[in-house]
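**Q** show me the folded form of this:
(one chain, ligands or ions: 1)
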Amino acid sequence: AFRLTSRFPEAFEICKEFRIGREKMLQIANALTKEIQLGLARETHPQAIVKCFLTYIQDLPTGRERGKFMALDLGGTNFRCLLVNLTDGAVMQSTLKSFAISEELMQGPGTDLFDFIAECLAGFCKEQNIGNDRIPLGFTFSFPLQQIGINKGILRRWTKGFRCEGVEGKDVVELLQSAIDRRGDVNVKIVAILNDSTSTLVSCAYSHPDCRIGLIVGTGVNACYVEQTSKAEMLDGYESSQKPIMIINTELGAFGDNGSLDSVRTVYDKTLDIESVNPGSQTLEKCVSGMYLGEVVRHILLDLMRMGVLFRGMRPDEMQTKWIFRTRFISEIESDPPEVFHNARVVLYHLGIKTDDLNDMACLRYICDSISLRSAQLTSCAIVAMINQMNVESCTVAIDGGLCRYHPHYRNLIEQQMSILLKNASAYKIVLSEDGSGLGAALVAAAFANK
Ligand code: ADP
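**A** Below you'll find the model as predicted:
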C-alpha cells in the first residue's frame, strides 16, 4: 500500500496546507456573507470587494415565453451562438455553434474582438437562414460587469486572461451592437446582457422553479442569487419597483482581494498570483477555477522536483512552461480507478516525465485530489454564504462550468462538503445545468424583447 507520509513527507506537508477544516470553512462562508452585504450597500461602502452588481432581472421564467431568440456567450476560451425556438413551456428547437477565441484576440484591441464576434454571428445567422426578421438577442458576457440597465453594462475589468484594449470602462452592449450594425448584414438587436451564472440560474429555473442560486466554476468562478429588491434597491440609483426580487450578480471571484482568504492561501497561490496578468485580484477565483488549478499543481510539482523528491530528480524543460499542466489533466488523473495510474502515466509522458514508479504517480494523484478538494470546499463555502444571505430553508442550486461538468468528483465533493457545513444540506439540491449558459440568455431576451 502506498504510504505518502513516509515516502513523500514533503508532499504530504505541502498538501496539508491546502486542507481547510470545518471551522475555517464556516468562517469563510460568514466572511463572504458579510462581503455580500457590503457589496449590496456599495453606495456607503465603495471599496466593497464583492461587488454584487444588479442584473435588472426581476422575474424568473414563467414557461409562457414564445418565439425565436438568440443568445451569444462570451466568457472564456470559447464563444458560442445559440438560436432557440420557444413554445409554451418547452424549448422546441435549439442550435448551437462554438468558436475558439485565439490568444491574439484575447490580448488584442477590443474592436478586433467585437468584429470577430459579429462576424461569427453573421455567419451563424446565414447558416440558420434567419432572413430579415429582427431577432432579440441575450448576450452572456461573463466578466465583471456593472450594469446600469438590462441592456447596458460597463466592463469594470477584464479577467480570465483577457486584456483587450479599449473595453474597460465602456458599455459592452454598445460596442457589440455597433460591430453588428457596422456589418449591415444582420438584423439582430441586443436586448439584454447578463453573465453566465445568471443565465444558468434562469435556465435552471425554467425546469426547477425553486432555483435561487446560479454558480459557475469554469475558466473563472462566479455566482448569482435571488435577492429581495428591498435589500438591493439602493444600488446604482436604481429606483424602487413593485417587483419583490432581483437577481444579484455577486462577482464573488474577487473575494479575498482584501485578505479574507490569507489564512488558506499558500506560497504556490502567491506565486501564481504574482505571475498572473491581474496580480492581487480575483483571489478566490485563483484558488478555485479551471484556469488556475492545473497551474497550482504545476508549481507544487516543480517545487517537489527541485527538492529532488519526485520523479527521481528528473526536471524536464516542459514543466517550466506556464499553463502546461491543464486542469483537465487533474480530471484525467482523478478518473483512474484506485491503484491504477493509466491516465497519470499519459499525462506525465506529455510533460516529458517518463516514469512507471507507482509511488510517484500516487503522489501526483494525492496532490491533484488536494487541489480539487480545496476548490470544492471554497465553492461550498460560497454556496452556503448565499444560502445564509437569502435565509431560505431549501432551494435548487444550478451549477455549470468545465470543472462542475467534467471533473469526475467535483459535484460529489460539493455535496459532501455542504453536508459538513449545513444541518439540512439535503434540502438544497445541486443541479448541473443542462443547457449551458445559452438558454437562460434566450429566456431573458424573451422577457425583455418588447420592452
Ligand atoms: P468558460 O468558463 O471558458 O466559458 P467552461 O465553463 O466550459 O467555459 O470552462 C472551461 C474551463 O473548464 C477550461 O478553462 C478548463 O479550465 C476547465 N476544464 C475543461 N475541461 C476540463 C476537465 N476535463 N476537467 C476539469 N476542468 C476542465
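**Q** ok, residues contacting stretch 127-139?
**A** Stretch 127-139 is contacted from outside by 68-72, 74, 83, 95, 97, 125, 172-173, 176, 186-194, 199, 440-446, 448-449, using Cβ atoms under 8 Å, 6 or more residues apart in numbering. (Glycine included, C-beta is placed from N, CA and C.)
**Q** so which of those residues sit within strands?
**A** Secondary structure from DSSP state E places 68-72, 74, 83, 95, 97, 188-194 of the contacts of stretch 127-139 in strands.
**Q** residue in the stretch 351-451 of the chain nearest to the ligand?
**A** Nearest residue of the stretch 351-451 of the chain to the ligand (Cβ to the nearest ligand atom) works out as Gly402 at 1.9 Å.
**Q** cool, and the stretch 1-150 of the chain?
**A** Among the residues of the stretch 1-150 of the chain, Gly76 lies nearest to the ligand; the distance is 2.0 Å by Cβ to the nearest ligand atom.
**Q** show me what contacts the closest residue to that residue other than its chain neighbours?
**A** Nearest residue to Gly76 in three dimensions, chain neighbours excluded: Thr219, at 3.3 Å (Cβ to Cβ, 6 or more residues apart in numbering). For Thr219, the contacting residues are Gly75, Gly76, Thr77, Lys160, Gly161, Ser289, Gly290, Met291, Gly401, Gly402, by Cβ under 8 Å, 6+ apart.
**Q** doesn't Gly259 lie inside a helix?
**A** No. Assigned with DSSP: H, G, I helix; E, B strand; the rest coil, Gly259 falls outside any helix and is coil.
**Q** ok, it - how many residues close by?
**A** Using other Cβ atoms under 10 Å, Gly259 has 10 other residues around it.
**Q** check the contacts of Thr219 for burial and list the buried ones.
**A** Buried subset of the contacts of Thr219 (neighbour count, 16 or more other Cβ atoms under 10 Å): Gly75, Gly76, Lys160, Gly161, Ser289, Gly290, Met291, Gly401, Gly402.
**Q** for the fourth one, phi and psi?
**A** So that's Gly161. Dihedral pair for Gly161: phi 90, psi 0, per degrees, to the nearest 10.
**Q** just checking, it touches Met106?
**A** Yes. With contacts counted by Cβ atoms under 8 Å, Gly161 reaches Met106, the gap being 5.9 Å.
**Q** surely Glu332 touches His342?
**A** No. Glu332 lies out of contact with His342 (Cβ under 8 Å); the separation is 9.3 Å.
**Q** looking at those two, which one has more neighbours?
**A** Neighbour totals were compared for Glu332 and His342, and Glu332 leads with 19 against 13 (other Cβ under 10 Å).
**Q** so how far is the ligand from that one?
**A** Applying Cβ to the nearest ligand atom, to the nearest Å, the value for Glu332 to the ligand is 7 Å.
**Q** ok, that residue - contacts?
**A** Glu332 is in contact with Asn343, Ala344, Val346, Val347, counting by Cβ under 8 Å, 6+ apart.
**Q** no more questions from me, cheers.
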